[in-house]
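Trainee: Sequence and predicted structure are below.
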Amino acid sequence: MQVAIVYSTLLFLFSVLSQDLVPFVPEIGGTFCKYLAYRYIIPKKYFNDCPPITCNWDDWSHALGAFNKDLNASKSAERYLNSTKKERIILSYAHNGFGNQLWEHSIAFMIAESMKAKLLIAVIPDSLSPGGYIPPNTWTGMGVMEKLLPKQFLYENLPTDSSIRAQCEKEDFYISDRPVDWRSKNYTSHFRSNLFNLLSDPKPRCLKLLGYFQNLPLCAEDARSLWTPGMFTNYTQRPGPNDISIYLRCMPRHYYFNDKHFYDVILSHTPHDKVWLFQAPECPSKIDPNPAKDGLVTSVLRLLYGKYNASRWPAYRGSEETGPLLHDLAGLAQSNKMILPVSSWAHWAGLLSNASEIHVNAPPHHAIMEDMPQYIYHSEKTNKYFGRFDNKTRDVEFEANKQYDVKNTTNTINTTVISPVKRSR
């Protein structure tokens, strides 16, 4: 018995002196554990050996109930800080567009669930913004968030004299998933010790999350429960049951952009009634009548409008500033068939949907969506299409030696059919 006590004491002292974070894994849960493994803060093997991610909170009310079921948010939050347990607050900083913010806050929700912590969401402060300027589309994304989030989760709604606000404002350390921070020697060299001090501190602490966190697995069903009620209830327009929807992000230098053969193969081998186009704001509003002048983006648009008689998804007709974004995302996510490019916004359209067919790029451009048979994978580089996830190999499998060709069709297109519609991502 005494030997066991001495051994445990020595092990604890070793973890303190070495600032080993592995002993905290049961406390922080699977999602946070995978983040640390991905960043090599704990051994890489833990990315597969971490505890299962927790998906028990099904909606926002469960997050409120984690610290008090009976009181309103502000009072229960204050009582939470004064309780006898190890108190933690998760503050998720919103930045960049709505698609990025969905990732950030969904991961924050899962970490808060694992740690039984209070969750709050705020806009990134100027002091943490690159160059001191709030990243593009941040306020638009946050404006949409404010329509979907229960007010109890908005940091700005805390009273100015809130003890939670005071706790978070004095906390300088933050958990980052941004390249700009991990290129900083000052941030990386102190990360382990800062996190060790935070997790080992018995006093209340505010754990700030800032970044993208798009390499971490999500609870798909929980994500739908969190985000779709406010979205689908207020934006009910949807394509027909046999229509196919396509989202285009027309920035080939920034986002991987598929060529026209990719779309031609999928559409010519997928039965459908009508093709709907959901386009990002930068997509062309007019096509030159001369096909010889076509670039990568224009050649795809010419194919879709000419050969497949595609139509732009109807524009939002309301007056709300955030209406166009939610209108488009709800329409795309409520499609029964869709073709999605490499884009966080498009990724969320697929994840939030109940579609029967979701056509995406094969890895590495799109993650494998395990045990989700509605995802169909295509590789234009190898000319392999219609791959499916195989439960035995746990990988995407394509039909052996299957090659896909399409018939050439003369594309005649009215250059005025594409009307500019103001949208933001």
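Mentor: Looks like it came in fine.

Trainee: Who are the contact partners of Gln321?
Mentor: Check again: residue 321 is Glu, not Gln. Going by C-beta atoms under 8 Å, 6 or more residues apart in numbering, Glu321 touches Thr140, Gly143. Every C-beta, even on glycine, is put in place using the N, C-alpha and C of the backbone.

Trainee: pLDDT at it, what is it?
Mentor: As predicted, Glu321 sits at a pLDDT of 87.

Trainee: Backbone dihedrals for it, please?
Mentor: Main-chain dihedrals, Glu321, degrees, to the nearest 10: phi -60, psi -40.

Trainee: again with the one 3 residues further on
Mentor: When read as degrees, to the nearest 10, the backbone of Pro324 gives phi -60, psi -40.

Trainee: Next up, identify which helix or strand Tyr247 is on.
Mentor: Here Tyr247, judged by DSSP states H and E, is contained in strand 244-248.

Trainee: Equivalent analysis for His359, please.
Mentor: Here His359 is assigned to strand 357-361, by DSSP H and E.

Trainee: What count of nearby residues applies to Leu102?
Mentor: Look at Leu102: counted by other C-beta atoms under 10 Å, it has 25 neighbours.

Trainee: Identify the residue spatially nearest to it, adjacent ones excluded.
Mentor: Excluding the flanking residues, the one nearest Leu102 by C-beta to C-beta, 6 or more residues apart in numbering is Trp348, at 5.1 Å.

Trainee: got the contact list for the one you found?
Mentor: Counting by C-beta under 8 Å, 6+ apart, Trp348 makes contact with Gly99, Leu102, Trp103, Trp227, Leu329, Ala333.

Trainee: Which strand or helix spans the fourth one?
Mentor: Assigned by DSSP H and E, Trp227 belongs to helix 220-234.

Trainee: Also the second one?
Mentor: The secondary structure element spanning Leu102 is helix 98-115 (assigned by DSSP H and E).

Trainee: What is that helix packed up against?
Mentor: Packing partners of helix 98-115 (3 or more C-beta pairs under 8 Å, 6 or more residues apart in numbering; DSSP states H and E): helix 25-38, helix 60-65, strand 88-94, strand 118-123, helix 138-148, strand 205-211, helix 220-234, helix 344-351.

Trainee: run the last query once more with 6 Å
Mentor: In terms of contacts (3 or more C-beta pairs under 6 Å, 6 or more residues apart in numbering; DSSP states H and E), helix 98-115 is packed against helix 25-38, strand 88-94, helix 138-148, helix 344-351.

Trainee: Can I get those in TSV including distance to Ser114 and mean pLDDT?
Mentor: Converted to TSV, the helices and strands packed on helix 98-115 look like this (distance: least, C-beta to C-beta, whole Å; pLDDT from 0 to 100):
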stretch	distance to Ser114	mean pLDDT
helix 25-38	2	95
strand 88-94	10	97
helix 138-148	22	94
helix 344-351	20	93
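
Trainee: Comparing the ones you listed, which comes out most buried?
Mentor: strand 88-94 (a mean of 25; mean count of other C-beta atoms under 10 Å).

Trainee: Report all helices and strands that that strand contacts.
Mentor: Contacts defined by 3+ C-beta pairs under 6 Å, 6+ apart place strand 88-94 against helix 98-115, strand 118-123, strand 205-211.

Trainee: strand partners of that strand, parallel vs antiparallel please.
Mentor: Partner strands for strand 88-94, per DSSP bridges, with pairing direction: strand 118-123 (parallel), strand 205-211 (parallel).

Trainee: Spatially central, which residue of this structure would that be?
Mentor: The centroid of the chain falls nearest to Trp103 when counting by C-alpha atoms, centre = their mean (2.7 Å).

Trainee: show me what contacts that residue?
Mentor: Phe213, Gln214 (C-beta atoms under 6 Å, 6 or more residues apart in numbering).

Trainee: Next one: it from Val180, what distance?
Mentor: Using C-beta to C-beta, to the nearest Å, Trp103 is found at 17 Å from Val180.

Trainee: rewinding a little: export the contacts of Trp348 to a markdown table and append columns for pLDDT and distance to Leu199.
Mentor: Shown next, in a markdown table, are the contacts of Trp348 (pLDDT from 0 to 100; distance: C-beta to C-beta, whole Å):
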| residue | pLDDT | distance to Leu199 |
| --- | --- | --- |
| Gly99 | 91 | 30 |
| Leu102 | 95 | 27 |
| Trp103 | 95 | 23 |
| Trp227 | 94 | 29 |
| Leu329 | 95 | 36 |
| Ala333 | 96 | 37 |
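
Trainee: Identify the farthest-apart pair in those residues.
Mentor: Taking C-beta to C-beta as the measure, these span a maximum distance of 15.3 Å, between Trp103 and Ala333.

Trainee: Which residues lie in contact with Leu207 in this structure?
Mentor: Leu207 sits next to Arg88, Ile90 when contact means C-beta under 6 Å, 6+ apart.

Trainee: Is it bridged to anything, and to what?
Mentor: Beta-bridge partners, per DSSP bridges, of Leu207: Ile90.

Trainee: Isn't His365 up against Pro341?
Mentor: No - using C-beta atoms under 6 Å, His365 is not in contact with Pro341, being 8.8 Å away.

Trainee: the more surrounded of the two?
Mentor: Remark: of His365 and Pro341, Pro341 carries more neighbours, 23 against 17, as counted by other C-beta under 10 Å.

Trainee: Relative to Val406, how far out is the more buried one?
Mentor: Distance, Pro341 to Val406, using C-beta to C-beta: 19 Å.

Trainee: OK, contacts around the residue nearest to Asp177 when sequence neighbours are not counted?
Mentor: With sequence-adjacent residues excluded and distances taken as C-beta to C-beta, 6+ apart, Asp177 is closest to Gly211, at 2.8 Å. Each residue near Gly211 by C-beta under 6 Å, 6+ apart is listed here: Ser176, Asp177, Arg178.

Trainee: if I read this right, the second one contacts Phe213, doesn't it?
Mentor: Going back to what we said before, that points to Asp177. Yes - applying C-beta under 6 Å, one finds Asp177 in contact with Phe213, separated by 4.8 Å.

Trainee: Tell me which of those two has more neighbours.
Mentor: Ranked by neighbour count (other C-beta under 10 Å), Asp177 and Phe213 place Phe213 first, with 26 against 20.

Trainee: Retrieve the pLDDT associated with the residue nearest to Arg224 when sequence neighbours are not counted.
Mentor: With C-beta to C-beta, 6+ apart as the criterion, Arg224 has its nearest non-adjacent residue at 5.6 Å, and that residue is Leu352. pLDDT for Leu352: 96.
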